[in-house]
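K.L.:
Coordinates for the following, if possible.
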Amino acid sequence: MAQIRQTRLKLLVIDDNPETLHFVQDSLASDQLEILTANDPEFGLELFFRYRPLIVLVDLMMPKISGMEVLQTIVAADAGVEVILITAHYSTESAVEAIQKGANDYLTKPLDLEKLQARISSIQADAQRREKTAQLDRELLDVYEFEGMIGRSPLMLEVFARIRRVSPHFQTILVTGNTGTGKELVARALHRLSPVSAKPFAVVNCSALVETLLESELFGYVKGAFTGALQDKLGVFEYADGGTVFLDEIGELPMSAQAKLLRVLQNQEVQRVGSPVPRMVNVRVIAATNRDLKSEIAKGTFREDLYYRLSMVELTLPPLTDRKEDLPLLQRHLVSKFATRYRKDIQGITRRAQSCLARHSWPGNVRELENVIGNASMMVHGTVIDIDDLPEWLRRQPAQRVESESGILTLEQVEQRHVLDVLHRVGGNKVRAAEALGIGRNTLYDILSRMKTPASIDREAEEPKDIPIRPQNRAG
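P.N.:
Modelled structure (predicted):
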């Protein structure tokens, strides 16, 4: 396993009291922490956007801009920043408001040195765990990446195993699956792992070809075969001789072309339009469709003999909704891909954004997920994709009901009410609430996140937590 890189975290202190700034600097000075200070909230926000610290200590009562406004600005810009409000004027109402708006903690002045050091040490330990998690995520992606495809679900692992088994031997193969499941990726993997990988790989989208030109595209033509045929032209099968032809959307092929395709598969020969001379070819054929070809046969729109010739080996790709366990890996892969493409330092996706993605059924499969992540990566301003960066139609989807129709409380509802009661008793401090409940902080976040939906709350009503995907160099 690769060595986990130790990062030097940045901490920003914003307080109009110079004594507080000096106290924090003297108390927390270490080789692992770089401390920035600002005695003015406007200058403090300028430092935040310039240096992007992981931890921010903010005084609640300041001139021009209040600490609560600074908190909201920082959380809106980067949901992964740990903001701690400090104040000499404690009130339960402001403490609960701060936690609801995304504060990590709420400390009173004069600052308790031991408590402050413990809080910062805890955040540093969390950052190191996220760094380790990011490293493990990258290693996990390497393990479960197969020829450009990502999957660790049993369904996808079986697909990968079948590709490995058949790629050295197949002559024809049929790949079926819904739109967006990755049929072309499978076709390319079959070719790359075959003995003819150094030979041409020709792609034909059968649905995009005009019927009058389809035969000449597939089989070629000779000079003078029709008006405009000024010279001989190779068809796809002759071009790919010795290699592989991928016929995408094979179910769209008209019956006349199906008969000639069957001849190619049976006799390994093609006949150019306008020529009586058959030409021998040696090609592997991969056909793909999102249609039910047996239904098409029953309707008389697809040849039964062609179907049986193509489907000597058949690979069926599962829809994304049947392999939801692959969703986190796919998200990490796609965020990394688009972060590189757009030259952005995108480190992950907040928990509430991931919850929103997990609720969607993904009828467009991986292609739809790729479009959503690509759009969010383009729109995001901070270093993590939050729920507001997702398309509006996705955010507005209704969440599953939690309430019992019978009026009897479920165990989950009893748990949630007890958590809210404890949270109220400790003034909204989630760390203290987790300790009182005897659970981890992350478990508490999970329980709280299940009570809320993206459509019913805004950013201020929930404390986000980023899920790292790439090394967290913002803190370095």
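
K.L.:
pLDDT on stretch 104-116, on average?
P.N.:
Mean per-residue pLDDT for stretch 104-116: 88.

K.L.:
Any chance you could list what contacts that stretch?
P.N.:
Residues from elsewhere that reach stretch 104-116 (C-beta atoms under 8 Å, 6 or more residues apart in numbering): 20, 23-24, 27-28, 82-88, 90, 94-95, 98-99, 119, 123, 427-429, 431, 463. Placement of C-beta: from N, CA and C, glycine included.

K.L.:
Please flag which of those residues sit within helices.
P.N.:
Taking DSSP state H, the ones among those that sit in helices are 20, 23, 24, 27, 28, 94, 95, 98, 99, 119, 123, 431.

K.L.:
Tell me the buried residues within the contacts of stretch 104-116.
P.N.:
20, 23-24, 28, 82-87, 94-95, 98-99, 119, 123, 427-429, 463 (16 or more other C-beta atoms under 10 Å).

K.L.:
ok so, going back, just the closest of the ones in helices among the contacts of stretch 104-116 to residue 306, please.
P.N.:
residue 123 (63.6 Å; C-beta to C-beta).

K.L.:
could you list every residue that touches residue 153?
P.N.:
Residue 153 neighbours (C-beta under 8 Å, 6+ apart): 318, 323, 325, 326.

K.L.:
Can you tell me which of the ones in helices among the contacts of stretch 104-116 is nearest residue 43?
P.N.:
residue 20 (15.2 Å).

K.L.:
how much space between the closest one and residue 87?
P.N.:
Note on residue 20: its distance to residue 87, by C-beta to C-beta, to the nearest Å, is 11 Å.

K.L.:
shared neighbours, those two?
P.N.:
With C-beta under 8 Å, 6+ apart, residue 20 and residue 87 have common neighbours 59, 109.

K.L.:
Now do the domain split for the chain, please.
P.N.:
The chain is divided into the following domains under automatic domain parsing: 9-141, 161-317, 322-475.

K.L.:
Tell me which of those lies nearest to residue 150.
P.N.:
Using C-beta to C-beta, the domains of the chain put domain 322-475 closest to residue 150, at 5.0 Å.

K.L.:
quick one, helices of the stretch 101-250 of the chain?
P.N.:
With DSSP state H, counting those that start in this stretch as the criterion, the stretch 101-250 of the chain has helices at 113-143, 154-166, 183-192, 211-219, 236-239.

K.L.:
in the first one, what's buried?
P.N.:
Going back to what we said before, that points to helix 113-143. Applying 16+ other C-beta under 10 Å to helix 113-143 flags 116, 119-120, 123-124, 126-128, 130-131, 133-135, 137-138, 140-141 as buried.

K.L.:
returning to what we had before: give the buried subset of the contacts of residue 153 as a ChimeraX selection command.
P.N.:
To isolate the buried members of the contacts of residue 153 in ChimeraX, using 16+ other C-beta under 10 Å:
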select :318,323,326
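
K.L.:
Most widely separated two among the contacts of residue 153?
P.N.:
318 and 325 (11.3 Å).

K.L.:
Just give me the neighbour total for residue 179.
P.N.:
Around residue 179 there are 13 other residues, counting by other C-beta atoms under 10 Å.

K.L.:
what residues are up against the nearest residue to it once chain neighbours are set aside?
P.N.:
Closest residue in space to residue 179, ignoring its immediate chain neighbours: residue 290 at 5.1 Å, by C-beta to C-beta, 6 or more residues apart in numbering. Shown in contact with residue 290 (C-beta under 8 Å, 6+ apart): 176, 177, 178, 179, 183, 249, 251.

K.L.:
shouldn't the third one be in contact with residue 367?
P.N.:
Looking back up the chat, that one is residue 178. No. In this structure residue 178 lies outside contact range of residue 367 using C-beta atoms under 8 Å: 9.8 Å.

K.L.:
Looking at the two now, which is surrounded by more residues?
P.N.:
Per other C-beta under 10 Å, whichever of residue 178 and residue 367 has more neighbours is residue 178, with 18 against 15.

K.L.:
Enumerate every residue touching that one.
P.N.:
290, 317, 319, 363, 365 are the contacts of residue 178 under C-beta under 8 Å, 6+ apart.

K.L.:
Next, format the residues you listed as a markdown table and append distance to residue 372.
P.N.:
Output for these, formatted as a markdown table (distance: C-beta to C-beta, whole Å):
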| residue | distance to residue 372 |
| --- | --- |
| 290 | 20 |
| 317 | 20 |
| 319 | 16 |
| 363 | 12 |
| 365 | 12 |
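
K.L.:
Those: which two are farthest apart?
P.N.:
Farthest pair in those, by C-beta to C-beta: 317 and 363, 14.5 Å.

K.L.:
Looking at the ones in helices among the contacts of stretch 104-116, which is nearest residue 352?
P.N.:
The closest of these, once distances to residue 352 are taken by C-beta to C-beta, is residue 99, at 15.3 Å.

K.L.:
Distance of the closest one relative to residue 223?
P.N.:
Residue 99 is 79 Å from residue 223, by C-beta to C-beta.

K.L.:
Residue 41 now?
P.N.:
79 Å.

K.L.:
Pick out whichever of these two has more residues nearby.
P.N.:
residue 41 (22 against 11).

K.L.:
residues in contact with residue 265?
P.N.:
Residue 265 touches 172, 285, 306, 309, 310, counting by C-beta under 8 Å, 6+ apart.

K.L.:
can you tell me the helix or strand for it?
P.N.:
For residue 265, the host element (DSSP states H and E) is helix 255-267.

K.L.:
For the closest residue to residue 236 other than its chain neighbours, give me its contacts.
P.N.:
For residue 236, ignoring the flanking residues on the chain, the nearest one in space by C-beta to C-beta, 6+ apart is residue 202 at 4.9 Å. The contact partners of residue 202, by C-beta under 8 Å, 6+ apart, come to 236, 239, 240, 243, 244, 245, 246.

K.L.:
Type out the PyMOL command that picks the buried ones from the contacts of residue 178.
P.N.:
Buried residues within the contacts of residue 178, by 16+ other C-beta under 10 Å, are selected in PyMOL with:
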select buried, resi 317+319+365
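
K.L.:
Hmm, which of the contacts of residue 178 is lowest in pLDDT?
P.N.:
residue 363 (90).

K.L.:
Report the separation between the residue in the chain sticking out farthest from the centre and residue 265.
P.N.:
Here the chain reaches farthest from its C-alpha mean at residue 276, the gap being 53.4 Å by C-alpha atoms, centre = their mean. The gap separating residue 276 from residue 265 is 21 Å, by C-beta to C-beta.
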